[in-house]
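Trainee: mind looking at a prediction? Sequence and model below.
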Amino acid sequence: MLQRYKIASPLFLLLVVMPTAIAVLYFGLFANDVYLSESRFVVRSPSKSSISPLGMVLSGGGLTGASEESNAVSEYLESRRALAETDTDALVRNAYGNPGIFWFDRFGGTSGTSREQLYKYFQTKVAVEQGTTTHVTKLTVRAFTPQDAQRINARLLERSEALVNSLSERARADSIAIATGEVNDAKRVAQDAAIALSRFRNQQGVINPEQQATARLQMISKLQDELISARTQLQQLQTYTPEASQISFLRVRVAALQREIDQQTAGVAGGNRSLSSAAVRYQELQLTSQFAEKQLAATLVSLQDAQAEARRKRAYIERIANPSLPDYAVEPRRYRGIIATFILGLLVWGVVSMLMVGVREHRD
């Protein structure tokens, strides 16, 4: 037993007494107080249109949490960009690299002072917790003075608000730019269609082939009525008074009416320059022009909707709790750290002691 005790005593000193003594010295004399500054916020945006009246009633049509923007803010707060924008005036480096901080806790005390090492160190001091049901995001910043913790928290929150505003503004600008581009394209198409229709009218010398053909048909109908009347009179005179002087006049009139009818009929149909052949191309150009005008009207409505939607859907950060100024340090938990070190040392000492005793008995 005495021999076993001699074996265990150095292990007990090494694995239990020494770590506990180091923990007492560290937590009792050297460890710096750590202050926590908390802020809570939610990213808000107008709710999207419901797909049904029932959905509209259930949603209430009010403000809702913008999940995409919330996720973007959470990712931003833990990114290198957030550190760079927060440390523009060396706020972070001065807060964590102060020579008055114990070297074990100070930034650069046990490692280098590069930007990447600062980022890794900064990640241990900033915590972001996003609520799954309430959409409330809690930002916690640890620092060695209450003022530094509050200033860093406030700076991160300000930069997050700027990020949400820039994302919202960019989304608005993109939607309006797309709608404006569609309007400009529709304008060009409508102008080209109108120019093509005008050029066709000038080349063909017609305004509306269908209306002009209708007018000519009416004229042909009247001429045919006159022709029938003239032929009837001519037949009557030739039958009853073959020597009448009006017969030659009526013959000339019948021939003139027939030529006029043939000319008007040829103008309506039967030739490359006729109204019937021009009507096909005219209808095609007119339909293209009408479609372009309707498309332009639709894009103008879309532009107005995009502008209204851009004005309505603007995400923003609503602060629920501003960055707090801690009254006292909550870390390190000194007694807990000492007790945990002692208990852990006992466990390790017990396991190592049993292993060494077992090995020695096996040798004996």
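Mentor: Nice, I can see it. Numbers count the residues shown, from 1 in each chain.

Trainee: in stretch 349-364, what's buried?
Mentor: Buried residues in stretch 349-364, counted by 16 or more other C-beta atoms under 10 Å: 349, 353. Heads up, the C-betas are built off the backbone N, CA and C, glycines and all.

Trainee: any idea of the mean pLDDT for it?
Mentor: Averaging pLDDT along stretch 349-364 yields 77.

Trainee: helices of this structure, start to end?
Mentor: Per DSSP state H, the chain carries helices over the ranges 2-12, 18-25, 53-59, 67-77, 80-86, 91-96, 115-123, 146-204, 209-240, 246-268, 275-312, 334-363.

Trainee: show me this structure divided up by domain.
Mentor: Following the assignment in automatic domain parsing, the chain carries domains at 16-31+334-347, 34-177+315-333, 181-310.

Trainee: okay, now the unreliable bits of this structure?
Mentor: 1-8, 46-67, 197, 200-220, 223, 234, 260-283, 285, 310-314, 364 (pLDDT under 70).

Trainee: tell me the residue furthest from the middle of it?
Mentor: Distance from the C-alpha centroid of the chain peaks at E243, with 96.4 Å (C-alpha atoms, centre = their mean).

Trainee: now the domains of the chain as a markdown table including distance to M356?
Mentor: As requested, the domains of the chain are exported to a markdown table (distance: least, C-beta to C-beta, whole Å):
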| stretch | distance to M356 |
| --- | --- |
| domain 16-31+334-347 | 15 |
| domain 34-177+315-333 | 31 |
| domain 181-310 | 74 |
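
Trainee: out of the helices of the chain, flag the one nearest V34.
Mentor: Ranking the helices of the chain by proximity to V34 (C-beta to C-beta) places helix 146-204 first, at 8.5 Å.

Trainee: same for that closest one, what does it pack against?
Mentor: strand 35-46, helix 67-77, helix 80-86, helix 91-96, strand 137-143, helix 275-312, strand 316-321 (3 or more C-beta pairs under 8 Å, 6 or more residues apart in numbering; DSSP states H and E).

Trainee: export only the CA atoms of stretch 290-303, formatted as PDB.
Mentor: C-alpha atoms of stretch 290-303 as PDB (Å, rounded to 0.1, in the frame of the first residue of the first chain):
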ATOM      1  CA  GLN A 290     -51.900  46.800 -82.400                       C
ATOM      2  CA  PHE A 291     -50.100  43.900 -80.600                       C
ATOM      3  CA  ALA A 292     -47.100  46.200 -80.100                       C
ATOM      4  CA  GLU A 293     -49.300  48.900 -78.600                       C
ATOM      5  CA  LYS A 294     -51.000  46.400 -76.300                       C
ATOM      6  CA  GLN A 295     -47.600  45.100 -75.300                       C
ATOM      7  CA  LEU A 296     -46.400  48.600 -74.500                       C
ATOM      8  CA  ALA A 297     -49.500  49.300 -72.500                       C
ATOM      9  CA  ALA A 298     -48.900  46.100 -70.500                       C
ATOM     10  CA  THR A 299     -45.300  47.000 -69.800                       C
ATOM     11  CA  LEU A 300     -46.300  50.400 -68.700                       C
ATOM     12  CA  VAL A 301     -48.700  48.800 -66.200                       C
ATOM     13  CA  SER A 302     -45.900  46.500 -65.100                       C
ATOM     14  CA  LEU A 303     -43.600  49.400 -64.600                       C
END
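
Trainee: how far away from the center of its chain is it?
Mentor: 24 Å (C-alpha atoms, centre = their mean, to the nearest Å).

Trainee: ok so, going back, of the helices of the chain, which is nearest S45?
Mentor: With C-beta to C-beta as the criterion, S45 lies closest to helix 67-77 of the helices of the chain, at 6.8 Å.
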